[in-house]
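Asker: Whatever this is, show me its structure:
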Amino acid sequence: MRTLLQTPLARVTGVVRRVTGAPSPLQGRTVLITGASSGIGEATAYAVAERGAHVLLVARRPEELARVAATITEAGGKVSTYPCDLTDLDAIDDLVAEVLAAHGAVDHLVNNAGRSIRRSLRLSYDRFHDFERTMAINYFGPVRLTMGLLPTMRERGFGHVVNIVTWGNQIKAPKFAAYIASKQALDTFARIAGRETYGDNVLFTNIRVSLVQTPMVAPTEAYAGRGHTPARAAETIVKALEERPITVNTLAGSAAEVLNLVAPRLSDLLFHLADRSLPDSSAAKRG
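Answerer: Residues are numbered from 1 along each chain as shown. Take a look at the predicted model:
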């Protein structure tokens, strides 16, 4: 993955810090990570804790949060856990109130929790709940959480919201209509919000990740053994937390975006042929 639209100062500062061994800018910061009980969120929690941040872990499963927290504590890190169903908007409001009461503010928010659905439209005609489910966790949940934490960030004059979205926002890959549409909504929200909060030193970053080997993609047989590891994805996220770029893209995603712009019908044809060659997974067919 490579960072685009990153400020020259942030890039230079990052290089100097790595060469000199200076502390990470995350040291002493409070970083809230959703979906922190497994996959990318878990790996990111470990990486952020190693850099001296106080990590706030959020996910539905308290026993898994306790496991991740124990690993961080054993390594000498600072961690707190907050079980929460991020599809429950009232529960998110309670989470915000509890976190702010305990910590005063959140410096960095990583909206990582999400749900992916790979299913053809022809199998989705009577499955409108696929679209409702992805919007609930991929868009409404993170927006509700962001809006709850944003006022304090703006008042303090510092904040950073990192959204884990998808390279599909650029590619527009078939079979992912429900998933990509929800992630695109969050991507657009962040770009607009970042322009409103720029003067308050509250910045937004969209990380358009490619395929990562997590339980979320396991049902798709075509993805077996493919993609980055969660630890590799966590490296990209930590770098973004430290340097606060606007967008992190992949080269393949950017190339597809250019093709979509300059030759949209050719792009449609190529992706249509790819779609026909990659059938729905067994899980998608079963529903």
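Asker: list the buried ones in stretch 129-149?
Answerer: By 16 or more other C-beta atoms under 10 Å, the buried positions in stretch 129-149 come out as 130-131, 133-146, 148-149. All C-beta spots, glycine's among them, are computed from the backbone N, C-alpha and C.
Asker: Which members of those residues occur in strands, if any?
Answerer: By the criterion of DSSP state E, membership of the buried residues of stretch 129-149 in strands covers no residue at all.
Asker: Kindly indicate whether the most centrally placed residue in the chain is helix, strand or coil.
Answerer: Relative to the mean C-alpha position of the chain, the nearest C-alpha, by C-alpha atoms, centre = their mean, is the one of Ile164, at 1.6 Å. Classification of Ile164 into helix, strand or coil gives strand, according to DSSP: H, G, I helix; E, B strand; the rest coil.
Asker: Test my guess that it contacts Ile137.
Answerer: No - shown here, Ile164 and Ile137 do not form a contact pair, counting by C-beta atoms under 8 Å, at 12.0 Å.
Asker: Kindly format the C-alpha coordinates of the helix ranked longest in the chain as CSV.
Answerer: Using DSSP state H to assign secondary structure, the helix with the most residues in the chain is helix 177-197. The C-alpha atoms that make up helix 177-197 are tabulated as CSV, following Å, rounded to 0.1, in the frame of the first residue of the first chain:
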residue,chain,number,x,y,z
ALA,A,177,-22.8,-3.7,-4.5
ALA,A,178,-24.0,-3.7,-0.9
TYR,A,179,-20.5,-3.6,0.7
ILE,A,180,-18.8,-1.1,-1.6
ALA,A,181,-21.8,1.3,-1.5
SER,A,182,-21.7,1.4,2.3
LYS,A,183,-17.9,2.0,2.3
GLN,A,184,-18.2,4.7,-0.4
ALA,A,185,-20.7,6.5,1.8
LEU,A,186,-18.3,6.5,4.7
ASP,A,187,-15.4,7.6,2.4
THR,A,188,-17.4,10.6,1.1
PHE,A,189,-18.6,11.5,4.6
ALA,A,190,-15.0,11.7,5.8
ARG,A,191,-13.8,13.8,2.9
ILE,A,192,-16.5,16.4,3.5
ALA,A,193,-16.2,16.3,7.3
GLY,A,194,-12.5,16.8,7.0
ARG,A,195,-13.0,20.0,5.1
GLU,A,196,-15.3,21.4,7.8
THR,A,197,-13.0,20.5,10.7
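Asker: which residues are in contact with that helix?
Answerer: The set of residues that contact helix 177-197 without belonging to it, under C-beta atoms under 8 Å, 6 or more residues apart in numbering, is 111, 114-119, 121, 124, 130-131, 133-135, 138-139, 142-143, 146, 150, 153-154, 159, 161, 163, 165-166, 168-169, 172-173, 202-206, 208, 246.
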